[in-house]
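>>> Predicted structure and sequence below. I'll ask about it afterward.
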Amino acid sequence: MLHNLLEKWFFHIQNGGEIIVPIFLLSIIMWTLIFIKTRYFLLVKKSEHTAGHTGWQREIHSQYQFRHSSNAELNRKTLDSIQSVQQAKAMRHIRTIMVLAALAPLLGLLGTVTGMISTFDVIAISGTGNARALASGISEALITTQSGLIAAVPGMLFGAILYSRADKLSKRIELFCIGLQHGTTSEE
Amino acid sequence: MKKYILALLAILILVTSAQAANTNTKPRIDTDNLQAAKQEARQTELIITEQKIAITQEAAALKKSIAGKKETLGTLKTQYEALLAEEKKLKEELAEQAHELKTIDGAIRTSAKQARDYFNESLTTPDHPERLPVLEAILKPNRFPGMESIKQLLNLYLHEMHTGGEILHKTTEFTAKDGQSRNGETIRIGTFTTVFRTPDGELGFLRPDLGGAGLTAVAGEPGWMLSRTINDFFDGKSNLFPVDISNGAALQRIAQTQKSFTEWLSAGGILVWPILLVGLIAALIIIERFISLSRIRANSGKNMGRIIEMVSSGKCSECREFCLQKSSFPTCRVISHTLKYAGTSKEILENAFQEGLLKELPLLERFLPTLNVLAAVAPLLGLLGTVTGMINTFQIITIYGTGDPRMMSGGISEALVTTQLGLAVAVPIMLLHHILDRRVDKIVGDMEEKGATIAVALMKKNPATGKGTVYGDAA
């Protein structure tokens, strides 16, 4: 069953011509990044739910402890720099995912055009009578478009979801840093 | 009839001569002469009657013979008519048979011509050159191809069937792609495919010449996967072989699909050039950016430890020296700029840092917005080409109608090639722009973070600036 499905898929992809290869690579990279990012967020969520300071919170805390001084203004600055590092970490890969998702339909369109060109080449050689030869170009055109869209839609979706997740996380980081600062300044 | 006339003439002559004799003797003698004359007359009469009888006899005989002749004429006439009818019948038969013969002749010639056409395109013919003279003999004009020719034709086809089942590996001469004849190994698989391999490793497919006497290499390369399969087959490593069952049509497609790049470009019309120009500019910018950004190192964590150490131990000038040494890090450049103002107030320090950052930023982000614009422009140009091509197509349709798709394909290929090129240029530009952008972001992030750290370290070191009134104002 699965074997047949794979074989079917393989033939399907083979009909798609050369453009299918970059679409395939692109979607692999995209899905890898989505997986990495989703795992990152899941880990963050898990660590946040456990008691005490874990994950990024501990990281910020330990760095702050290490660099923290008696001067409140300096502390704020230190926290700012720590915060920006953590926020960049939260946002990492997401723009790449979105750019890849935007590229996939473009590549699909490129495949469409390539397929149509080969179709018209066939027409120029053998006229419209040879439907079999025409079909190969048309299937190339359609399969690449399909693959591009298949790659793009979840990429866009996950990109948006992950972006909002990262946005929320960076807001939490900010809040945490403000809270940390308040806590330390009130201690003094 | 003549006979009658002659007889009458003779009678007339006799009569006149008798009268003449009568008239002459009358005056001189009467009685004696009368007697004599009477006798004479009687004699004459006798002769006349005799002759009359003879003549009537003759006439009767003649009449009889005429009747007989008439009879024979009648029989001959009927005979003649019968023969005429027979002749007509035979002629018809002849015409019929000639028609039949012509049909047979035509059929044999047609099939011989078909055979010639077939054998001219068959891959087996160059291996069996004896076929063509046989065919030529059958096709010779003004000669009726007899049973022998039919047998020969049949034998040719049977032989072709036989050779269609063999795989032949040999060394022959053929016409290479450059038009020169060359020697090489060839393998023929039935009547489907012939490949060659020259001693210098060149591979390719062969098709028969126009006349069918030799082999010519097909234009276009077989491609590396096909080449490997063919090489393995030549070396006997595998028994897998590509076969062209379309009788040459697929091999023609090889050359068609490997249309040269310039041919492809020229199909795209004028708008190809601006797109290529965009691509070229983008490529130059990308190369420049990659080179200059690869010189700039982003992460300076290792150096930061030493810098902080030096700053906190008060070795500001030493630290500046160190930063100048590491000037490939833009972060270090910013720090060295900031360190110039070490010991001054916090505000100045901050401003100095910002100044250093602003100095670095344009250097890092140079051309990147341009690249973004180029990535957006390329598909637009492609779209413009599409529209231009479609306009050309519709103009052609208004002139020639839609009857011949070949006429329209020029405009359509222009439309498609520009679109393709526009997208093909835009996609890598977008991707590379994103990569460069991320790298710049990373460097800038690093600079900001490390700059803040160094500012903090400087303030710590110099409590005068940290705790003074200036600080209070800033807060």
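Nice, I can see it. Numbers count the residues shown, from 1 in each chain, chains lettered A, B, ... in the order given.

>>> what about the longest helix along chain A, average pLDDT?
Determined from DSSP state H, the single longest helix within chain A is helix A:131-187. Helix A:131-187 shows a mean pLDDT of 83.

>>> Tell me the helices and strands packed up against it.
helix A:2-14, helix A:20-49, helix A:56-67, helix A:72-91, helix A:94-126 (3 or more CB pairs under 8 Å, 6 or more residues apart in numbering or on different chains; DSSP states H and E). Any C-beta I mention is one placed from the backbone N, CA and C, and that applies to glycine too.

>>> Surely residue B:191 is within a helix?
No - read with DSSP: H, G, I helix; E, B strand; the rest coil, residue B:191 is coil and lies in no helix.

>>> That one: neighbouring residues, count only.
By other CB atoms under 10 Å in any protein chain shown, 20 other residues sit near residue B:191.

>>> Report the contact partners of it.
B:122, B:123, B:124, B:160, B:163, B:164 (CB atoms under 8 Å, 6 or more residues apart in numbering or on different chains).

>>> Most neighbours out of those residues, which is it?
Among those, residue B:123 has the most neighbours (other CB under 10 Å), with 25 neighbours.

>>> Model confidence for the closest residue to chain A within the stretch 1-150 of chain B, exactly?
Taking CB to the nearest CB, chain A has its nearest neighbour within the stretch 1-150 of chain B at residue B:121, 17.4 Å off. We have a pLDDT of 79 for residue B:121.

>>> Name the nearest residue to it, ignoring sequence neighbours.
Spatially, and ignoring its direct neighbours in sequence, residue B:121 is nearest to residue B:208 (5.9 Å; CB to CB, 6 or more residues apart in numbering or on different chains).

>>> any idea how far the one you found lies from residue B:215?
According to CB to CB, to the nearest Å, residue B:208 stands 6 Å off from residue B:215.

>>> what do you get for residue A:143?
Residue A:143 is 38 Å from residue B:215, where distance means CB to CB.

>>> Where in chain B is the helix or strand with the lowest mean pLDDT?
helix B:469-474 (a mean of 35; mean pLDDT, DSSP states H and E).

>>> Taking the centroid of chain B, which residue is nearest it?
In chain B, the residue lying closest to the centroid (CA atoms, centre = their mean) is residue B:252, at 6.5 Å.

>>> so what pLDDT did that residue get?
70.

>>> how much space between it and chain A?
8 Å (CB to the nearest CB, to the nearest Å).

>>> out of everything not next to it in sequence, what's closest to that residue?
In space, and not counting its chain neighbours, residue B:252 is closest to residue B:218: 7.4 Å by CB to CB, 6+ apart.

>>> isn't the one you found right up against residue B:205?
Yes - if you go by CB atoms under 8 Å, residue B:218 and residue B:205 touch, sitting 4.4 Å apart.

>>> as a whole number, average confidence for the helix or strand containing residue B:206?
Residue B:206 is located in strand B:203-208, with elements delineated by DSSP states H and E. Averaged over strand B:203-208, pLDDT sits at 82.

>>> next structured bit after it?
Remark: after strand B:203-208, the chain's next helix or strand is strand B:215-217, criterion DSSP H and E.

>>> can you dump the C-alpha coordinates of whichever helix or strand comes after that next one into CSV?
For strand B:215-217, the following helix or strand on the C-terminal side (DSSP H and E) is helix B:224-234. The C-alpha trace of helix B:224-234 is given here as CSV (Å, rounded to 0.1, in the frame of the first residue of the first chain):
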residue,chain,number,x,y,z
TRP,B,224,25.2,11.5,-18.8
MET,B,225,22.7,8.9,-17.5
LEU,B,226,22.0,7.5,-20.9
SER,B,227,25.8,7.6,-21.6
ARG,B,228,26.5,5.6,-18.6
THR,B,229,23.9,3.0,-19.6
ILE,B,230,25.3,2.8,-23.1
ASN,B,231,28.9,2.5,-21.8
ASP,B,232,28.0,-0.2,-19.5
PHE,B,233,26.3,-2.1,-22.3
PHE,B,234,29.4,-1.6,-24.6
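
>>> Remind me what the longest helix anywhere in chain B packs against, helices and strands.
Determined from DSSP H, the single longest helix within chain B is helix B:31-121. When contacts are defined as 3+ CB pairs under 8 Å, 6+ apart, helix B:31-121 packs onto helix B:2-25, helix B:131-138, helix B:147-163.

>>> right, so these: which one is the most enclosed?
Mean neighbour count (mean count of other CB atoms under 10 Å in any protein chain shown) peaks for helix B:131-138 among those, with a mean of 16.

>>> what angle do that one and helix B:147-163 make?
With axes from the mean of the first three to the mean of the last three CA atoms, to 10 degrees as the basis, helix B:131-138 and helix B:147-163 are set at 160 degrees to each other.

>>> Can you pick out the residue with more neighbours from residue B:208 and residue B:215?
residue B:215 (24 against 20).

>>> measure residue B:332 to residue B:446 for me?
Going from residue B:332 to residue B:446 by CB to CB gives 11 Å.

>>> What of residue B:169?
Using CB to CB, residue B:169 is found at 66 Å from residue B:446.

>>> More neighbours: which of these two?
Legend: neighbour count by other CB under 10 Å for residue B:169 and residue B:446, higher for residue B:446 (22 against 11).

>>> Surely the more buried one and residue B:334 touch.
No - contact criterion CB under 8 Å: residue B:446 and residue B:334 do not qualify, at 9.9 Å.

>>> wait, what's in contact with the residue positioned nearest the centre of chain A?
When CA atoms, centre = their mean is applied to chain A, the residue found nearest the centroid is residue A:97 (2.5 Å). Residues in contact with residue A:97, defined by CB under 8 Å, 6+ apart, are A:30, A:33, A:34, A:37, A:155, A:158, A:159, A:162.

>>> next one: residue B:47
Contacts for residue B:47 were tallied using CB under 8 Å, 6+ apart; they are residue B:14.

>>> what helix or strand is the residue nearest to residue B:169 when sequence neighbours are not counted on?
In space, and not counting its chain neighbours, residue B:169 is closest to residue B:187: 5.0 Å by CB to CB, 6+ apart. Element membership for residue B:187 (DSSP H and E) is strand B:181-189.

>>> Name the next helix or strand downstream of that strand, please.
Downstream of strand B:181-189, the next assigned helix or strand under DSSP H and E is strand B:193-197.

>>> which strands and helices sit next to that following strand?
strand B:181-189, strand B:203-208, strand B:215-217, helix B:224-234.

>>> and with 6 Å instead?
Strand B:193-197 sits against strand B:181-189, strand B:203-208, with contacts defined as 3 or more CB pairs under 6 Å, 6 or more residues apart in numbering or on different chains; DSSP states H and E.

>>> Wasn't residue B:168 part of a strand?
Yes - looking at residue B:168 with three-state DSSP, it is inside a strand.

>>> show me the residues around it that make contact.
Residues in contact with residue B:168 (CB atoms under 6 Å, 6 or more residues apart in numbering or on different chains) are residue B:188.

>>> buried residues in stretch A:126-135?
Neighbour-count burial for stretch A:126-135 flags A:133, A:134 (criterion: 16 or more other CB atoms under 10 Å in any protein chain shown).

>>> Only C-alpha atoms, please: export it in CSV.
Extracted in CSV, the C-alpha atoms of stretch A:126-135 (Å, rounded to 0.1, in the frame of the first residue of the first chain):
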residue,chain,number,x,y,z
SER,A,126,4.3,17.9,-34.9
GLY,A,127,1.3,20.1,-34.9
THR,A,128,-1.7,19.7,-32.5
GLY,A,129,-2.4,16.2,-33.7
ASN,A,130,0.0,14.4,-31.3
ALA,A,131,-1.9,14.6,-28.1
ARG,A,132,0.5,12.2,-26.3
ALA,A,133,3.5,14.4,-26.9
LEU,A,134,1.5,17.5,-25.9
ALA,A,135,0.4,15.9,-22.7
